[in-house]
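*Asks:* sequence? don't have it. structure:
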């Protein structure tokens with residue numbers, strides 16, 4: 001949607017869910033894929049800093065596919081994540097060459113705690129490692145029926161003999177040579193919206209993250225912005241209450 005020459009911002013919504021892997025081998029293989037994808041994002045970020053071409057990086061014979069054993073779609077999404085981080089650093093006025101994968105604040109906490117609190121230091125160190133190594137992202141694609149690499153599948157019954165509720169929502173993770181399967185566990189109120197997209201083969205983005213050894217999935221999708229019903233033609237009334245200790249701003253502009 002555009003107004004004049006200015007593109008309207010996109011509205012994204014979604015939900016987070018816990019992934020449960022009935023097969024431990026699938027869990028281990030997914031963690032390995034997340035580690036390789038995270039490394040590819042860091043590698044791609046540094047190559048973008050050096051001015052290398054995105055298309056060359058992501059092609060099948062390129063470094064992201066060959067070095068990190070990713071398919072071209074995963075490679076392209078790794079470059080997308082790297083590019084988004086690079087753009088945000090520039091927009092925030094930060095030096096893009098000083099970015100800290102895993103979090104600058106968390107790294108500073110590690111340096112502060114290294115000698116003073118060993119148990120807390122070990123927990124923070126584990127968290128930092130998970131942030132650096134525990135990411136996997138796949139964009140949705142309408143032409144591929146939702147999401148090709150990280151696809152939601154509704155099944156009746158169960159896989160691997162796992163006890164499941166009547167409605168079984170699974171995430172199928174493309175490992176390259178086979179698929180890993182994980183149960184999607186959530187009671188989020190937007191679950192029905194997500195299921196509607198699955199049944200309609202509408203696109204949805206999926207990002208996996210690792211926290212305290214557990215894998216979580218963030219499902220997100222773009223929603224159409226409602227049509228503009230209020231304009232400035234009849235004037236504008238604005239009110240801002242900012243108590244520090246007393247503050248009030250009022251603006252009234254008639255037509």
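*Replies:* Structure's in. What do you need? Small disclaimer: the values here were computed from a predicted structure and weren't measured.
*Asks:* mind checking pLDDT for residue 67?
*Replies:* As predicted, residue 67 sits at a pLDDT of 96.
*Asks:* you'd agree it is in a helix?
*Replies:* Yes: under DSSP: H, G, I helix; E, B strand; the rest coil, residue 67 sits within a helix.
*Asks:* need the pLDDT of the closest residue to it other than its chain neighbours.
*Replies:* In space, and not counting its chain neighbours, residue 67 is closest to residue 43: 7.1 Å by CB to CB, 6 or more residues apart in numbering. For every residue, glycine as well, the C-beta is placed using N, CA and C. pLDDT for residue 43: 95.
*Asks:* please apply the same query to residue 167.
*Replies:* Note on residue 167: pLDDT of 64.
*Asks:* now swap in residue 191 and tell me
*Replies:* 94.
*Asks:* and for it, nearest residue in space, chain neighbours not counted?
*Replies:* When the adjacent residues along the chain are set aside, residue 191 lies closest to residue 15, with 6.5 Å between them (CB to CB, 6+ apart).
*Asks:* surely that neighbour forms part of a helix?
*Replies:* No: assessed with three-state DSSP, residue 15 is strand; it does not lie in a helix.
*Asks:* state the distance from the spatially closest residue to residue 201 that is not a sequence neighbour to residue 74.
*Replies:* Closest residue to residue 201 apart from its sequence neighbours, by CB to CB, 6+ apart: residue 145 at 4.3 Å. Distance of residue 145 to residue 74, given as CB to CB, to the nearest Å: 17 Å.
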